[in-house]
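> Show me the folded form of this:
(one chain, ligands or ions: 1)
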Amino acid sequence: MKKYNFSAGPSKLDTTVIEKANQSIIEYEDKGLSILEISHRSQEYSDIMEKLKSNLRNLLSIPENYFILLLQGGATYQNSLIPHNFGKKSNIGCLVTGEWSKKTLQDFELINKTESTSVSHEEIEKFLMSDNSDAFKNLDHLHITSNETINGIQIRDFNNINHPSLFIDMSSDFGSYNFEWENISYIYSGAQKNMGIPGVTICVGKNEVLNNTVNPSYLDLKKLVENDSVYNTPPTFSVYVLYLVTEWMLNCGGIKYFEEKSISSSELIYRQLAEHGKHIILPVSEYARSRSNIVFNFNDPSLEEDFFKKAEEENILGIKGHRSVGGVRISLYNAINEEMIDYLNKFISRFFEKI
Ligand SMILES: Cc1ncc(COP(=O)(O)O)c(C=O)c1O
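Predicted structure coming up:
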C-alpha cells in the first residue's frame with residue numbers, strides 16, 4: 001500500500017536509491033560480496049568515499065580549502081566535538097533561534113562558558129537586514145542553526161550575519177539550497193533528512209580553523225580529518241546510501257533543481273494553509289518561515305486529532321508536530337515529489353471544506 005511520508009527524519013528516500021541499495025545488499029557491483037560485508041579499509045570503500053566527496057564538492061561548490069569529514073554520533077555529537085575543539089583556546093558563542101540551537105547552547109555550556117544571543121522569529125528579518133556585528137564582537141566563532149526543525153524557523157542568508165566565522169548546524173536543510181562559503185568555517189548535518197539514512201553526519205570545514213587542542217581521539221577534530229574519516233570503523237552502509245543520494249541528486253540537476261523544488265513545494269503548502277486562516281495559526285512570521293518544515297496549529301485544538309486521524313486513513317504519515325511543541329509539522333525534504341505535494345494539498349483542502 002502506498003504511503004505518503006512527510007516525516008521530519010528519518011524521512012522519505014527516492015525509490016531509485018532504495019532499489020540500488022537493495023541490490024547492493026544482495027551483491028555489490030559483481031564483487032561477490034554484500035555492501036554490508038565490505039571492509040572500510042578495502043579499495044571498494046575508498047572508491048565510494050572518493051566519489052562521494054567529489055559529488056558533495058560538486059553539489060555544494062565546496063571550495064578546495066575545506067575538508068569533508070564523515071562522522072558518527074549525529075548532530076548531537078557535534079555539541080561535544082565543537083566546544084572541545086573551539087571553546088578552549090578560542091571563544092565560540094551561540095545564536096539561539098529555537099529548540100535545537102537552545103540544546104546546542106546547553107551542551108556547549110557544560111564544557112565551556114558560552115556567550116549567547118537570542119533572536120525570535122519576529123526579529124530575524126530586522127536582525128539580518130541591520131548591522132548585527134555588535135552582538136558577537138567578542139567571539140572568535142559563532143554557532144547558528146540554519147533550520148529549526150521543531151519550530152519551523154529558517155535562516156538561509158548567512159552572509160547577512162556579520163561574523164567572519166560561522167559554525168552551522170544544517171541538519172534539516174543541508175542540500176536544499178545553494179549558499180556562499182564566504183564567512184562559513186564549519187557546517188554539519190546528519191544525513192537522515194535530505195541526504196540519506198541515520199548513522200552518518202556530514203561535516204565540512206575550513207582547513208585553517210583546525211587547531212592543536214588536545215582531546216581524546218574521537219573528540220579530536222584534527223586527528224579525524226587527518227585520518228580522512230576512517231580513524232575508526234565508519235558507518236559504511238550509511239556512507240554508501242549517502243553516496244547513492246548524491247548520485248541521484250546530481251542526476252536530477254543538482255542543488256539548483258532541489259532549491260527550486262523546495263521553493264515551489266513550500267509555497268504551495270503555505271498558500272493552501274493561508275486560505276484556511278480562520279481555522280489555523282501559522283506561528284512563524286513570514287520572513288523566517290522554513291521551506292523544510294512547515295508548522296501550524298488549529299485555532300480549535302479539538303480539530304487536531306481529527307486531522308491526524310483522517311490523514312492516517314488517507315495514508316499520510318509523519319505530520320505530527322514535535323512532542324515538545326505539538327501541532328502539525330509537514331516536512332518537505334528533497335525526496336518529496338510533486339505528486340506527494342498535490343496529494344497532501346488536496347487532503348488539506350478537503351479537510352477544511354468539511355468544517
Ligand atoms: C536542527 C537539528 N539539529 C540537531 C538534531 C539532532 O540530530 P541527531 O539526531 O542526528 O543527533 C536535529 C534532529 O532532528 C535537528 O533537526
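
> Distance of I62 relative to Q192?
As for I62, its distance to Q192 is 21 Å (criterion: C-beta to C-beta, to the nearest Å). Backbone N, C-alpha and C define where each C-beta goes, glycine included.

> between those two, which one's more packed in?
Set side by side, I62 and Q192 show more neighbours around Q192, with 26 against 16, by other C-beta atoms under 10 Å.

> wouldn't that one be in contact with P198 here?
Yes - contact criterion C-beta atoms under 8 Å: Q192 and P198 qualify, at 4.3 Å.

> Kindly report the residues of the stretch 101-250 of the chain close to the ligand.
Neighbours of the ligand within the stretch 101-250 of the chain, by C-beta under 6 Å from any ligand atom: 145, 149, 169, 171-172, 190.

> now these as a markdown table including pLDDT and secondary structure?
Formatted as a markdown table, those follow (pLDDT from 0 to 100; DSSP: H, G, I helix; E, B strand; the rest coil):
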| residue | pLDDT | secondary structure |
| --- | --- | --- |
| T145 | 98 | strand |
| T149 | 98 | coil |
| D169 | 98 | strand |
| S171 | 98 | coil |
| S172 | 98 | coil |
| G190 | 98 | strand |
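
> For these, which two are the farthest from each other?
T145 and G190 (12.6 Å; C-beta to C-beta).

> what's the overlap in contacts for those two?
S171 (C-beta atoms under 8 Å, 6 or more residues apart in numbering).

> is the helix or strand containing I294 anywhere near the ligand?
If you go by DSSP states H and E, I294 is part of strand 293-298. No - remark: strand 293-298 sits outside contact range of the ligand, by C-beta under 6 Å from any ligand atom, the gap being at least 8.3 Å.

> neighbours of the residue of the stretch 201-350 of the chain found nearest the ligand, just the number please.
Going by C-beta to the nearest ligand atom, the ligand is nearest to T201 of the stretch 201-350 of the chain, at 6.6 Å. By other C-beta under 10 Å, the residues close to T201 number 26.

> Do I have it right that N79 meets T104?
Yes - between N79 and T104 a contact is recorded at 5.2 Å, counting by C-beta under 8 Å.

> how about the residue nearest to V325 when sequence neighbours are not counted, what does it touch?
In space, and not counting its chain neighbours, V325 is closest to I150: 5.9 Å by C-beta to C-beta, 6 or more residues apart in numbering. Neighbour list for I150: 98-100, 293, 321-322, 324-325, 329 [criterion: C-beta under 8 Å, 6+ apart].

> Pull out the buried members of those.
Buried by 16 or more other C-beta atoms under 10 Å: 98-100, 293, 321-322, 329, out of the contacts of I150.

> So for these, which is the shakiest by pLDDT?
Checking pLDDT across these, the minimum falls on H322 at 93.

> That residue belongs to a strand?
No - looking at H322 with DSSP: H, G, I helix; E, B strand; the rest coil, it is coil, so not inside a strand.

> ok, it to R291 distance?
18 Å.

> Kindly report the same for S42.
Counting by C-beta to C-beta, the gap from S42 to R291 is 39 Å.

> These two: which is more packed in?
R291 (23 against 14).

> Report the contact partners of the residue nearest to the more buried one when sequence neighbours are not counted.
Leaving aside its chain neighbours, R291 sits nearest to S266 (3.9 Å; criterion: C-beta to C-beta, 6+ apart). Each residue near S266 by C-beta under 8 Å, 6+ apart is listed here: 289-292, 294, 332.

> Now do the shared contacts for Q192 and P198.
With C-beta under 8 Å, 6+ apart, Q192 and P198 have common neighbours P10.

> counting residues per helix, which one in the chain is longest?
What stands out as the longest helix in the chain, according to DSSP state H, is helix 254-274.

> what distance separates that one from the centre of its chain?
16 Å (C-alpha atoms, centre = their mean, to the nearest Å).

> In that helix, which residues are buried?
Buried-residue list, helix 254-274, by 16+ other C-beta under 10 Å: 254-255, 258-259, 261-262, 265-266, 268-270, 272-273.

> Tell me the one of the residues you listed nearest S217?
Nearest to S217 among the buried residues of helix 254-274, with distances taken as C-beta to C-beta, is I255, at 33.6 Å.

> hey, where'd the helices end up in this protein?
15-26, 43-60, 74-86, 99-111, 124-129, 221-226, 236-252, 254-274, 302-313, 338-353.

> From the contact counts, what lies against the last one?
This points to helix 338-353. Here helix 338-353 touches strand 4-5, helix 254-274, helix 302-313, strand 316-317, going by 3 or more C-beta pairs under 8 Å, 6 or more residues apart in numbering; DSSP states H and E.
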